[in-house]
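Novice: Give me the fold of what follows.
(chains A and B)
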Number of protein chains: 2
Amino acid sequence: MEMNEKEYSKADVIGVYEVPAPRKAYVVLLEGEDWNGYILPIMIGVAEASAIQAALEGYVPERPMTHDLIVSMLGALGVTIERITIDALINNIFTATIVLKESDKHIYVDARPSDSIAIALRANAPIYVANRLLSSAIPKDSLSID
Amino acid sequence: MEMNEKEYSKADVIGVYEVPAPRKAYVVLLEGEDWNGYILPIMIGVAEASAIQAALEGYVPERPMTHDLIVSMLGALGVTIERITIDALINNIFTATIVLKESDKHIYVDARPSDSIAIALRANAPIYVANRLLSSAIPKDSLSID
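Specialist: Numbers count the residues shown, from 1 in each chain, chains lettered A, B, ... in the order given. Okay, here's the model as predicted:
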């Protein structure tokens, strides 16, 4: 599970968008820094879309929402969120890993990309995307994003 | 934050129900063991209602949902979820605490009741409700629950 830096690109979250589909769906768009204008769309649920959007807006709710709770829980335990990685596409589903650090020890937790991103944004942890996922990326120009 | 056992009752989750309201809302019902047929209704969001319902049904998703992630993360860190407590009603909002145990140390994390219950059910951790909240409880007989 150790990340080979050459095989991953640091990525930024462009935003969360509603997908015009038969049923309501959301997509989060990630832009790899070494991807020359290609972006990776990942389909996510409505609750996770809302959690990512709140973090992008810097919205601080009166009571901790679920991903705020995760971050405060890890803080109370003295655990750092070192990075998250989007690793693979298995059966049409993206997998991710949350990399925690406790003292000198790294702990790797299997997670969905949506939860991982919602947590990374709150903890100011970097997001990395495996370069092999470039095959699922699309040119940024092909989308009409503000 | 240390719990005085005399001031709390162990509680069971009766279920999650949709509330017939102008807009879609959900309620989780808790029954205190020492409450003589009184139950505590707590309004919760749709995502949390779904997370609690999945746990009640023992539904195991293909990929970890957010509360599954919390439980697996704590497991990977060697942290036990000792109990959760529903503590107070402040400005019409219930507050809760997740009590974690790491080695011999207790760690108290402020949380919403909905997240706390969704986590407790997955971790088989006991749920306690402050007896002073009995004033917000209603007789079980007054509801038509299957």
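Novice: what about the closest residue to chain B within chain A, neighbour count?
Specialist: For chain A and chain B, the shortest gap (C-beta to the nearest C-beta) falls at residue A:47, measuring 3.6 Å. Using the backbone N, CA and C atoms, a C-beta is placed for each residue, glycine as well. Burial of residue A:47 is recorded as 23 neighbouring residues (other C-beta atoms under 10 Å in any protein chain shown).
Novice: who in chain A is up against chain B?
Specialist: A:46-48, A:62-67, A:69-70, A:72-74, A:76-77, A:79, A:93, A:95, A:98, A:100, A:102, A:107-112, A:115 (C-beta under 8 Å from any C-beta of the partner chain).
Novice: what's the residue nearest to residue A:93 when sequence neighbours are not counted in contact with, if anything?
Specialist: Spatial nearest neighbour of residue A:93, excluding adjacent residues (C-beta to C-beta, 6 or more residues apart in numbering or on different chains): residue B:63 at 6.3 Å. Residues in contact with residue B:63 (C-beta atoms under 8 Å, 6 or more residues apart in numbering or on different chains) are A:93, A:95, A:112.
Novice: What values do phi and psi take at the closest residue in space to the last one that isn't next to it in sequence?
Specialist: Just to be clear, that refers to residue A:112. Spatial nearest neighbour of residue A:112, excluding adjacent residues (C-beta to C-beta, 6+ apart): residue B:63 at 5.3 Å. Per-residue torsions, residue B:63: phi -110, psi 150 (degrees, to the nearest 10).
Novice: Provide the backbone phi and psi angles at the residue of chain A closest to chain B.
Specialist: Backbone torsions for residue A:47, taken as degrees, to the nearest 10, come to phi -70, psi -40.
Novice: pLDDT wise, what is the closest residue to it other than its chain neighbours at?
Specialist: In space, residue A:47 comes closest to residue B:47 once its chain neighbours are excluded; the distance is 3.6 Å by C-beta to C-beta, 6+ apart. pLDDT for residue B:47: 94.
Novice: just residue A:16 next, same as before
Specialist: The model reports residue A:16 with a pLDDT of 97.
Novice: that's a helix at it, yeah?
Specialist: No: read with DSSP: H, G, I helix; E, B strand; the rest coil, residue A:16 is strand and lies in no helix.
Novice: Show me what it is bridged to.
Specialist: Listed by DSSP bridges, the beta-bridge partners for residue A:16 are residue A:28.
Novice: Quick one: the helices in chain A, in order.
Specialist: Along chain A, the stretches classed as helices by DSSP state H are A:46-57, A:66-76, A:113-123.
Novice: buried residues in stretch A:59-66?
Specialist: A:63-66 (16 or more other C-beta atoms under 10 Å in any protein chain shown).
Novice: Please apply the same query to stretch A:14-29.
Specialist: Across stretch A:14-29, burial judged by 16+ other C-beta under 10 Å covers A:14, A:16-17, A:26-29.
Novice: Also stretch A:122-139?
Specialist: Across stretch A:122-139, burial judged by 16+ other C-beta under 10 Å covers A:122-123, A:125-131, A:133, A:137.
Novice: Please consider this matter closed, and thank you.
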